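[1] okay, here's the prediction I keep looking at, along with the sequence it came from:
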Amino acid sequence: MSDRRSVLIVGAGLSGLVCGMRLAKAGFDVDIVEELTYPGGLLASSRIGKEYLELLPHHLRKTDKALLSLAKEEGLSVDWFDSLWYGRASRRKVGYFPGGFASLINILIQDITDNGGRISYSTTVSEISSSSDENGKVTYTTSCVLNNSGSLEIVSDYVIFTGSCRSFVNCSHGLPISINYRDQLMNITYKASISIMMVLKRCPSEVYHQRFDASAPFNRIVNHSNVFGTRSYGGNIVYLVGTCSISDALWIASDEEIMDKYFSAFHKMYPVIKKSDIKSWRLTKNRYSVTEKYPDQQLYSPAPGMFICASGLIKYGTDEVPENRMDGIVSLANDICEKIISSTRSEENTSVITPLAEGI
Ligand SMILES: Cc1cc2nc3c(=O)[nH]c(=O)nc-3n(C[C@H](O)[C@H](O)[C@H](O)COP(=O)(O)OP(=O)(O)OC[C@H]3O[C@@H](n4cnc5c(N)ncnc54)[C@H](O)[C@@H]3O)c2cc1C
């Protein structure tokens, strides 16, 4: 039997993969479970033409310290481009990996598996419980439901949950967490998002990023190809990004209905672009997309050995325009891993019996 410390990570998005990479490299026995059939979470990519492209628009900023340092550590170079932003008009430098963000996700997965870690897809965590032995050592048991209607239980020394704070509360009835702590997590609210990525025959404008208030069903247009080029996508990439509440009629509308609504608003803004200019499109819905209301205090460790690494815990942007950014989540993932690694080091140190010096 292995005496390595084990960690179960819920979610194979950026934060789950960063934690997995750090802990697998530090010698932990790492298991990652992901409810979807693919990795990346909000940063997932799909093959478009001959390239991998994010389903939601992503770029790097010069201020993304933790993210840029992760990229450097993983040997990924970043290309920087000038971009024009409307709304709060300005020119900004934005960064992109030569192989897209799929290259970051892939290299993290490679590091995890090279260091003995495992990633299981189509595996949804439904319940986490804990028990402790006579010495007070806590062990977690995580119950998972598989897509083929099977089930699985994973026992581990640590758990890192990277889904939304609300999903964590729903899975954590078997944990000794106070009602007050649960209430604070439940008070963190999220907006859902509905985004459409279009491959167009032509480019609608020279602007990279355009923000709207209430004039359209979406609130952002991102002209990806204006800045990062058409590469081998087979056309110009334009994203229409909208946020909504899950009680909005749009949330349960069909993809075609949503596309009709989004495209007719887009066409009013850019009459030159016609439906016949669309080569292909893909719609993505995310239930927990942007945090609306943040907690007043740090809530990332609800129990010893248990951590929540979720965007909902880190405030970015302004109250009017809240944002979730990769940099904050990478930084939190780094901190959590550092805490886990140093806690096992101090356990090892206390369990070592220091030999007495000769002659005493
Ligand atoms: C439209 C949009 C554009 C963005 N653009 C940028 C940008 O340009 N720059 C930037 O810095 N950031 C951007 N972001 C934010 C960025 O995408 C996120 O900060 C980052 O991807 C969050 O990663 P994560 O791993 O914390 O969460 P997620 O990506 O949400 O990953 C969590 C994973 O956990 C899985 N999961 C959840 N519950 C369970 C369960 N019970 N069992 C098993 N698996 C589970 C989910 O399926 C998911 O894969 C953008 C976000 C959006 C919505």
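    That came through fine.
[2] give me the contacts around the strand ranked longest in the chain.
    In the chain, taking DSSP state E as the definition, the longest strand is strand 278-293. Contacts with strand 278-293, where a contact means CB atoms under 8 Å, 6 or more residues apart in numbering, come from 42, 46, 48, 55-56, 163-164, 166-167, 187-201, 234-235, 243, 246, 251, 255, 258-259, 263, 311-312, 315, 322-324. From N, CA and C alone the C-beta is placed, and that goes for glycine too.
[3] the same query, at a cut-off of 7 Å, please.
    42, 46, 55-56, 164, 187-201, 234-235, 243, 246, 255, 258-259, 311-312, 322, 324 (CB atoms under 7 Å, 6 or more residues apart in numbering).
[4] check these against the ligand, which are close?
    Leu42, Leu56, Ser193, Ser195, Ser311, Asn324 (CB under 6 Å from any ligand atom).
[5] which of the residues you listed ranks first by neighbour count?
    Among these, the one with the most neighbours (other CB atoms under 10 Å) is Ser311, at 29 neighbours.
[6] and the closest residue to Pro304 other than its chain neighbours, how far is that from the ligand?
    Spatial nearest neighbour of Pro304, excluding adjacent residues (CB to CB, 6 or more residues apart in numbering): Val138 at 5.7 Å. Per CB to the nearest ligand atom, to the nearest Å, Val138 is found 21 Å from the ligand.
[7] next, give phi and psi for Val138.
    As for Val138, its main-chain torsions (degrees, to the nearest 10) stand at phi -90, psi 140.
[8] count the neighbours of it for me.
    Applying other CB under 10 Å, we find 15 residues neighbouring Val138.
[9] residue contacts, it?
    Neighbour list for Val138: Ser130, Ser132, Pro304, Gly305 [criterion: CB under 7 Å, 6+ apart].
[10] now, the most widely separated pair of those?
    Spanning the widest gap among the contacts of Val138 are Ser132 and Gly305, at 10.1 Å by CB to CB.
[11] show me which of these two is the more surrounded one.
    Neighbour comparison, Ser132 and Gly305: the larger count goes to Gly305, with 19 against 11 (by other CB under 10 Å).
[12] so that one sits against Asp157, correct?
    Yes: applying CB atoms under 7 Å, one finds Gly305 in contact with Asp157, separated by 6.2 Å.
[13] now intersect the ones next to the ligand among the contacts of strand 278-293 with the strands, please.
    When DSSP E is applied, these are split such that Ser193, Ser195 fall in strands.
[14] coming back round to it: buried only: go through the contacts of strand 278-293 for me.
    By neighbour count, with 16 or more other CB atoms under 10 Å, those hold 42, 55-56, 164, 188, 190-200, 235, 243, 258-259, 311-312, 322, 324 as buried.
[15] number of residues surrounding the residue in the stretch 51-200 of the chain that the ligand sits nearest to?
    Across the stretch 51-200 of the chain, the shortest distance to the ligand (CB to the nearest ligand atom) belongs to Gly163, at 2.7 Å. For Gly163, the neighbour count with other CB under 10 Å is 24.
[16] now do the strands in the stretch 201-350 of the chain.
    Applying DSSP state E, counting those that start in this stretch to the stretch 201-350 of the chain gives strands spanning 209-211, 220-222, 236-244, 278-293, 306-308, 316-317, 322-323.
[17] sheet-wise, list the partners of the first one with their directions.
    To tie it back to what came earlier, the one meant is strand 209-211. Sheet pairing of strand 209-211 (DSSP bridges) gives strand 79-86 (parallel), strand 220-222 (antiparallel).
[18] pick the most deeply packed of these.
    Most buried of the strands paired with strand 209-211 by mean neighbour count (mean count of other CB atoms under 10 Å) is strand 220-222; its value is a mean of 22.
[19] I'd like the average pLDDT over it.
    Averaging pLDDT along strand 220-222 yields 95.
[20] next one: stretch 130-139
    Mean predicted confidence for stretch 130-139 is 93.
[21] what about it, distance to the chain center?
    Distance of stretch 130-139 from the chain centroid (CA atoms, centre = their mean, to the nearest Å) equals 31 Å.
[22] next, the buried residues of it.
    Ser130.
[23] could I get the contacts of Val138 as a markdown table with distance to Met269?
    Listed next are the contacts of Val138 as a markdown table, based on distance: CB to CB, whole Å:
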| residue | distance to Met269 |
| --- | --- |
| Ser130 | 53 |
| Ser132 | 59 |
| Pro304 | 53 |
| Gly305 | 51 |
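[24] returning to that earlier point: farthest pair in the ones next to the ligand among the contacts of strand 278-293?
    Largest pairwise distance in these, by CB to CB, is 16.3 Å, between Ser195 and Ser311.
[25] what does the stretch 1-150 of the chain put close to the ligand?
    Counting by CB under 6 Å from any ligand atom, the residues of the stretch 1-150 of the chain that sit close to the ligand are 10-16, 33-36, 41-43, 56-59, 124-125.
[26] can you tell me which of those are buried?
    Buried members of those, scored by 16+ other CB under 10 Å, are 10-16, 33-36, 41-43, 56-59, 124-125.
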